[in-house]
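Novice: Give me coordinates for this.
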Amino acid sequence: MNNSRTMHRWYLVFTATILMICFGTVYAWSYFQGPIMQDFGWNNAQVSLTFSLAIFFIGIAAAIGGVLLPKTGPRKMALTGSILFSIGYLLASIALSIKSLALLYIGYGVIGGSGLGLGYVTPVTTVAKWFPDKKGFATGMVIMGFGFGALFMSKVLAPIFMGLYGGSLVKTFLTFAMLFACITIPASLTMKNPSQIPIPAQKEALHSPGTPKNPAPAPAGDSYISLKQASSDIFSKKFLAVWMVLFCNISAGISIIGFQSPMFQELLHNIDPSLTPQTLASMGASLIAITSLFNGLGRLLWGTISDRAGRIRTYRFMLGSELIIFFLLIFTKNPWLFALFFCWILLCYGGGFGIMPATISELFGPQKMTIMYGVVLTAWSLGGVIGPQITAFIKDKNPSQASMLSFIVGIAFIALGFIFSILTPAPKRQQEKATNS
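Specialist: The predicted model follows:
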């Protein structure tokens, strides 16, 4: 691979990561949950539904985007996603200014979430085509940006603008709309497929189901693969197993993430009753920031590990370790041990996203990756809704034991995911090396 091509693909990783950091700010919605409830008189369920809608439409739009991407190309798809994402913040600002919960749902949840889905699937699948030799590392780095988005929003952007505007949510969301448009639109214009799928990826395709034994060099946009051609794989037992692995890992993580701050504060108060509510709240917020960091790092770390250890084997290790940690959390009374366990769960939660692009590519072939990866992200849609809804039900029906019951639910999800990881066949590992072009 020549120097200019090498430089371009790493530049693409940089711009794709910037895109994902902006898109990942959706995970900081909890930062605005309290202020919105306080300023507008809406209850917890009403406001949190905005986030659930956004997550749901991320997966739906990603699936649609995966089908359309080969035809439209990554630049148009990323640009469309970036514009819709920015419009989502703009409409959220208008919704808050006129106190319209319905417009907030439509703007931030439906339109913004759809933009996120189109934007999310594009840089991941595009970067994967440029790195047939380091799929896990490259896509893990890009997806790591999404994990860091929440940390960047909750610790940098939101505090700055909320302070600058005296707590005005309307002005803050309007500023985000303009800021993200200025960042994501130029970054989207850099998205480009390599002129041809690199030779290592073609070799990998030879071992993928449904691929001709002697395929001609194909354009990296894989436009010749249609949804109909990929349908047999989409409805296969192998794809169902992979989908369930991702769904279970997401559902387990999302179902308990919301508990970390209040539980940590309660455990701290038990060992030191002299701590003030302000101190406890600050320490709880710090835990959220730290676990968000692990969420981001996990996407790169496990993706890189999977390059050597194998995708399915890495999933099995992650899920097996999570099963142990969830069980230990039921009995954990030490706040620092609790924090350590949560960091590991978030590390594995992020890792599930980081490994999936390379897993899909190796199981079904690089030509089918765009479509198959978009479809597998519907697991994110469903898990993002089911996990929080189970948690909300437990909180309403049995608040005194909500934490313990949520850990048990997490155990059930992880155990199911581990079973499906056993049922998923590990792809034949290919020794991929970059070639000079």
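
Novice: can you list the domains in the chain?
Specialist: Listed domain ranges for the chain are 3-188, 226-423 (source: automatic domain parsing).

Novice: Now render these as JSON lines, adding distance to residue 194.
Specialist: C-beta: built from backbone N, CA, C; applies to glycine. Formatted as JSON lines, those follow (distance: least, Cβ to Cβ, whole Å):
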{"stretch": "domain 3-188", "distance to residue 194": "6"}
{"stretch": "domain 226-423", "distance to residue 194": "11"}
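
Novice: Mean neighbour count added to these, as TSV?
Specialist: Below are the domains of the chain laid out as TSV (neighbours: other Cβ atoms under 10 Å):
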stretch	mean neighbour count
domain 3-188	21
domain 226-423	20
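
Novice: can you put the ones you listed in JSON lines and add mean pLDDT and distance to residue 195?
Specialist: Listed next are the domains of the chain as JSON lines, based on pLDDT from 0 to 100; distance: least, Cβ to Cβ, whole Å:
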{"stretch": "domain 3-188", "mean pLDDT": "89", "distance to residue 195": "9"}
{"stretch": "domain 226-423", "mean pLDDT": "88", "distance to residue 195": "15"}
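
Novice: Name the nearest residue to residue 307, sequence neighbours excluded.
Specialist: Nearest-residue entry for residue 307: residue 136, 4.1 Å, with adjacent residues in sequence omitted and distances by Cβ to Cβ, 6 or more residues apart in numbering.

Novice: thinking that neighbour is in contact with residue 360, fair?
Specialist: No. Between residue 136 and residue 360 there is no contact under Cβ atoms under 8 Å: 11.8 Å.

Novice: Run the chain-centre distance for the strand or helix carrying residue 403.
Specialist: In this structure, residue 403 is located in helix 402-423 according to DSSP states H and E. The chain centroid and the centroid of helix 402-423 are separated by 19 Å under Cα atoms, centre = their mean, to the nearest Å.

Novice: List the contacts of it.
Specialist: 237, 241-242, 244-245, 247-249, 251-253, 255-256, 259, 263, 312, 315-316, 319-320, 322-323, 326-327, 329-330, 390-391, 394-395, 398 (Cβ atoms under 8 Å, 6 or more residues apart in numbering).

Novice: Could you list every helix and strand that the longest helix anywhere in the chain packs against?
Specialist: Identified as the longest helix of the chain according to DSSP state H is helix 277-309. Counting contacts by 3 or more Cβ pairs under 8 Å, 6 or more residues apart in numbering; DSSP states H and E, helix 277-309 is packed against helix 135-152, helix 260-271, helix 311-329, helix 335-364.

Novice: so can I have CSV of the ones you listed showing distance to residue 33?
Specialist: As requested, those are arranged in CSV below (distance: least, Cβ to Cβ, whole Å):
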stretch, distance to residue 33
helix 135-152, 13
helix 260-271, 12
helix 311-329, 24
helix 335-364, 19
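
Novice: Residue 230 and residue 369, how far apart?
Specialist: As judged by Cβ to Cβ, to the nearest Å, residue 230 and residue 369 stand 10 Å apart.

Novice: Likewise for residue 56?
Specialist: Per Cβ to Cβ, residue 56 is found 23 Å from residue 369.
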